[in-house]
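>>> Sequence first, predicted model second:
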Amino acid sequence: MPVRCLPRPVVGNRNAKNTQWTKALSAISAFVLVGLALPAFADTLDDVVAAGTLRCAVVLDFPPMGYRDPDGTPQGFDVEYCKDLAASLDVSYEILPVTWPERVPAITEDKVDVVFGGTSITLERARQVGFSIPYAVFFAQAVVAPDSGIETFDDLKGKRVGAAASTLQETEFLKIAETWGTNELYQSLANEAAVVEALANGDIDAGIVTNTEIAPLVEQYPDLKSGPRMPWPADVTAVAAPRTDVSWLNYINLFIVDQVRSGRYQELWQRFANGDAPDLTVPGVSY
């Protein structure tokens with residue numbers, strides 16, 4: 001009977017095995033070392049609680065959302081929201097006055113933890129800062145002199161128009177002014193106060209502001225009156241915070257929801273803007 005020889009098992013090279021294990025262990029060690037070298041993720045929520053102070057940037061020449069009373073004390077809807085957020089964290093608060101162009105740098109340069117400043121949600125800004133869900137909605141509207149003859153939006157064609165720099169009002173109006181060929185008539189001004197001053201001095205024929213500013217402006221300046229509403233969509237604004245800090249943005253989102261559900265949102269809007277608080281949802285979009 002023939003003898004069948006089983007195939008001889010292949011015996012690997014011991015040195016080769018050792019080399020493979022050495023490479024594997026080196027790779028694991030390198031991975032661990034790289035992981036240890038990675039920076040820790042930001043956690044503003046813990047930082048704020050540990051510091052005991054919430055730092056809020058607020059635009060204080062944006063009544064009734066942010067302004068100073070006769071004593072110079074910050075007041076307004078945004079100021080109260082800063083106070084409420086601080087109270088929810090059981091910490092104190094600090095108000096840092098900023099201009100429109102300073103809102104984004106205040107976050108990117110770590111000067112504040114949040115910005116309550118009517119910051120429009122744009123893709124360009126979202127590359128630099130993180131946005132919460134909407135917390136306030138505005139409409140752009142003109143304020144004009146009673147004898148300006150401006151009754152409709154089309155009446156603005158050929159007129160000298162001004163708006164605050166770095167605002168949605170400026171961006172959207174310039175798009176339309178370009179189609180009209182009237183860009184040279186537009187004036188970019190430092191803030192809403194400068195818009196009103198330019199209008200009062202006759203330097204412009206119409207100023208574009210938010211609808212919430214119209215009532216206090218007309219009350220303060222009898223020579224002004226409300227003008228036509230602008231044709232672009234509502235200005236949906238959010239709280240701005242560090243872009244990569246998801247846990248902090250999640251907390252702010254829950255805070256905004258709680259403000260609405262508790263009735264605080266309506267209470268403050270009625271108090272400062274004198275009307276029903278606008279719906280915070282975007283048609284066709286779920287927040």
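The structure has been received and is ready for your questions. Just so it is clear, the structure is predicted and the values come from calculations on it, not from any experiment.

>>> Could you report the neighbour count for residue 193?
Under the neighbour criterion other C-beta atoms under 10 Å, residue 193 is assigned a count of 14. For every residue, glycine as well, the C-beta is placed using N, CA and C.

>>> Could you do the one 5 residues further on as well?
Using other C-beta under 10 Å, residue 198 has 18 other residues around it.

>>> so what's it scoring on pLDDT?
If you check residue 198, the pLDDT there is 94.

>>> The nearest residue to residue 102 once chain neighbours are set aside: what secondary structure?
Using C-beta to C-beta, 6 or more residues apart in numbering and skipping residues adjacent in sequence, the residue nearest residue 102 is residue 57, 7.5 Å away. Following DSSP: H, G, I helix; E, B strand; the rest coil, the label given to residue 57 is strand.

>>> Helices of the stretch 151-287 of the chain, start to end?
168-180, 192-200, 211-220, 246-261, 264-273 (DSSP state H, counting those that start in this stretch).

>>> For residue 115, find the nearest of those helices.
Residue 115 lies closest to helix 246-261 among the helices of the stretch 151-287 of the chain, at 10.8 Å (C-beta to C-beta).

>>> What are the contacting residues of the closest one?
Residues outside helix 246-261 that contact it (C-beta atoms under 8 Å, 6 or more residues apart in numbering) are 42-45, 81, 84-85, 88, 113-114, 130-135, 239, 241-242, 264-266, 280.

>>> In PyMOL, select just the buried ones from those.
A single PyMOL command selects the buried members of the contacts of helix 246-261 (16 or more other C-beta atoms under 10 Å):
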select buried, resi 42+44+45+81+84+85+113+114+130+131+132+133+134+135+239+241+242+265+280
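
>>> Quick check, residue 142 in contact with residue 150.
Yes - Residue 142 lies in contact with residue 150 (C-beta atoms under 8 Å); the separation is 6.7 Å.

>>> So residue 48 is in contact with residue 113, correct?
Yes - judged on C-beta under 8 Å, residue 48 makes contact with residue 113 at a distance of 5.6 Å.

>>> so what sits against both of the two?
Common neighbours of residue 48 and residue 113, using C-beta under 8 Å, 6+ apart, are residue 54.

>>> so how far is residue 79 from the closest residue to residue 212 other than its chain neighbours?
In space, and not counting its chain neighbours, residue 212 is closest to residue 273: 4.6 Å by C-beta to C-beta, 6+ apart. Distance of residue 273 to residue 79, computed by C-beta to C-beta, to the nearest Å: 14 Å.

>>> Domain ranges for this structure, per the record?
Structural domains assigned to the chain are 44-138+234-273, 140-229, following automatic domain parsing.

>>> want to throw those into a markdown table with distance to residue 284?
Shown next, in a markdown table, are the domains of the chain (distance: least, C-beta to C-beta, whole Å):
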| stretch | distance to residue 284 |
| --- | --- |
| domain 44-138+234-273 | 13 |
| domain 140-229 | 20 |
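
>>> can you tell me which of those the model trusts least?
Here the lowest mean pLDDT among the domains of the chain goes to domain 140-229, at a mean of 93.

>>> end-to-end on that domain?
Terminal residues of domain 140-229 lie 6 Å apart, using C-alpha to C-alpha, to the nearest Å.

>>> Relative to the whole chain's centre, how far out is that domain?
Here domain 140-229 is found 23 Å from its chain centre; the criterion is C-alpha atoms, centre = their mean, to the nearest Å.

>>> again, but for stretch 103-112
11 Å.

>>> Then stretch 68-87?
Taking C-alpha atoms, centre = their mean, the mean C-alpha location of stretch 68-87 is offset from the chain mean by 17 Å.

>>> which parts of that stretch are buried?
For stretch 68-87, by 16+ other C-beta under 10 Å, it's 74-86.

>>> can the residues you listed go into a markdown table with extra columns for secondary structure and distance to residue 179?
Listed next are the buried residues of stretch 68-87 as a markdown table, based on DSSP: H, G, I helix; E, B strand; the rest coil; distance: C-beta to C-beta, whole Å:
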| residue | secondary structure | distance to residue 179 |
| --- | --- | --- |
| 74 | strand | 40 |
| 75 | strand | 39 |
| 76 | coil | 35 |
| 77 | helix | 34 |
| 78 | helix | 34 |
| 79 | helix | 39 |
| 80 | helix | 40 |
| 81 | helix | 37 |
| 82 | helix | 39 |
| 83 | helix | 44 |
| 84 | helix | 42 |
| 85 | helix | 41 |
| 86 | helix | 45 |
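
>>> Show me which of the residues you listed is closest to residue 175.
Residue 175 lies nearest to residue 78 out of the buried residues of stretch 68-87, by C-beta to C-beta, at 27.2 Å.
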